[in-house]
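>>> what would the 3D arrangement of this be:
(2 chains)
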Amino acid sequence: DTEVTQTPKHLVMGMTNKKSLKCEQHMGHRAMYWYKQKAKKPPELMFVYSYEKLSINESVPSRFSPECPNSSLLNLHLHALQPEDSALYLCASSQGRVGGPFTDTQYFGPGTRLTVL
Amino acid sequence: AQSVTQLGSHVSVSEGALVLLRCNYSSSVPPYLFWYVQYPNQGLQLLLKYTSAATLVKGINGFEAEFKKSETSFHLTKPSAHMSDAAEYFCALQRYQGGKLIFGQGTELSVKP
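Prediction:
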């Protein structure tokens, strides 16, 4: 089973709202990722968690706040977003290893389509 | 610096025709290479990966890719296109010793009946 699930599938929010995106995997993976994808573009890496610790932050604005409560769950908390933040947000996971999370295949979830009004 | 170039942002083929999607890479160390497919309004699905074993890699849905070091290429092929193959295809590079996925710009495949 190589399934990564994401909820909600769609989200519409105003610029003053606070919302959260959720990602879950039960493959025993220890590395989890958030990507942002604009239309007709490749995914852009935002954050990487390795063994529940934030290991990479690709200079993402603080209005995006990631959280990894346990090895199976990954959240992305959203606050005071801008219309330009509207995009498909993808979660991915990989086996991971203590020395770094990038040496193996990443499996992606279906994404959350976010619209900021 | 590592990079991936996908030649052709849009490729159109007839149903039953050969599919060829081109990917060239630049890397100073042996790379891991991937092809992902993205259907409309969905996430990325792994088609196949090259990890320095066999140079001809077979993937799902009848796709395969050949790693050619001399040409720094990893082109994706399928002998006979099906309507269901219409999607966006991304080639990606991952450094052998670890490193984030570096994606190409993507190629949109259209299949005509």
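>>> can you list contacts of stretch A:58-77?
A:18-26, A:28-30, A:32, A:34, A:44-47, A:49, A:51-54, A:78-82, A:85, A:89, A:91, A:93 (Cβ atoms under 8 Å, 6 or more residues apart in numbering or on different chains). C-beta here means a position set from N, CA and C on the backbone, and glycine is covered the same way.
>>> also near chain B: which of those residues, exactly?
Applying Cβ under 8 Å from any Cβ of the partner chain to the contacts of stretch A:58-77, one finds that A:Leu45 fall near chain B.
>>> which among the contacts of stretch A:58-77 end up buried?
Neighbour counting by 16 or more other Cβ atoms under 10 Å in any protein chain shown classes A:19, A:21-25, A:29-30, A:32, A:34, A:45-47, A:49, A:78, A:81, A:85, A:89, A:91, A:93 among these as buried.
>>> how about chain A: which residue is closest to chain B?
Distance from chain B to each residue of chain A (Cβ to the nearest Cβ) is smallest for A:Pro42, at 3.5 Å.
>>> quick check: closest non-adjacent residue to that residue.
Counting by Cβ to Cβ, 6 or more residues apart in numbering or on different chains, A:Pro42 lies nearest to B:Phe103, which is 3.5 Å off, once chain neighbours are set aside.
>>> so how far is B:Met83 from that neighbour?
The gap separating B:Phe103 from B:Met83 is 26 Å, by Cβ to Cβ, to the nearest Å.
>>> more neighbours, the two?
Neighbours were tallied for B:Phe103 and for B:Met83 using other Cβ atoms under 10 Å in any protein chain shown; the higher tally belongs to B:Phe103 (22 against 10).
>>> summarise which helices and strands the helix or strand where B:Tyr32 lies is packed against.
Under the assignment given by DSSP states H and E, the secondary-structure element containing B:Tyr32 is strand B:31-38. In this structure, strand B:31-38 packs against strand B:19-26, strand B:44-50, strand B:64-68, strand B:73-78, strand B:87-95, with contacts taken as 3 or more Cβ pairs under 8 Å, 6 or more residues apart in numbering or on different chains; DSSP states H and E.
>>> repeat that for 7 Å
With contacts defined as 3 or more Cβ pairs under 7 Å, 6 or more residues apart in numbering or on different chains; DSSP states H and E, the secondary structure elements packing on strand B:31-38 are strand B:44-50, strand B:87-95.
>>> can you list the residues that contact it?
Residues outside strand B:31-38 that contact it (Cβ atoms under 7 Å, 6 or more residues apart in numbering or on different chains): B:25, B:44-51, B:59, B:65, B:67, B:74, B:76, B:87-96.
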